[in-house]
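> for reference, the sequence and a predicted model appear below.
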Amino acid sequence: MPVFRAEVKATVDLVRQLGLQPEELNEAVHDAASTAASDANNQGLQAQVELMVEIWGPLETREFLREYTQGKREAAGLQE
């Protein structure tokens, strides 16, 4: 999901011209993020990882995955 700076700037300018405040966009932002997450989940592992890396960055994503896996092992009574 590439971000195009010129398009973002033009859209921010439109939002300002329309007099919208950030809190007025909260629900739309949540809906957009939810749709992106749902699409990634439906497309499988590659898309899921791409979305996490895009949002969190590669290092935080890897750390999350390690911690998540460790938590699952501990919950199952398994230790490394």
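Thanks, I have the structure now. Residues are numbered from 1 along each chain as shown.
> mind listing what's buried in the helix or strand hosting residue 27?
Assessed by DSSP states H and E, residue 27 sits inside helix 26-43. Using 16 or more other Cβ atoms under 10 Å as the test for burial, helix 26-43 gives residue 40. For glycine as for every other residue, the C-beta is placed from the backbone atoms N, C-alpha and C.
> can you tell me how far the spatially most central residue of the chain is from residue 61?
A centroid search over the chain (Cα atoms, centre = their mean) returns residue 55, at 4.4 Å, as the residue closest to the centre. From residue 55 over to residue 61 the distance is 8 Å, taken as Cβ to Cβ, to the nearest Å.
> same check, this time on residue 38
With Cβ to Cβ as the criterion, residue 38 and residue 61 are 19 Å apart.
> with residue 20 instead?
Relative to residue 61, residue 20 is positioned 32 Å away (Cβ to Cβ).
> do residue 25 as well
Taking Cβ to Cβ, one finds residue 25 at 26 Å from residue 61.
> higher neighbour count, these two?
Using other Cβ atoms under 10 Å, the more surrounded residue of residue 25 and residue 61 is residue 61, with 17 against 12.
> pretty sure that one contacts residue 50?
No - counting by Cβ atoms under 8 Å, residue 61 does not reach residue 50; the two are 9.8 Å apart.
> and the helix or strand where residue 71 lies, what's buried?
Here residue 71 sits within helix 58-75, counting by DSSP H and E. For helix 58-75, a neighbour-count test (16+ other Cβ under 10 Å) marks residue 61 as buried.
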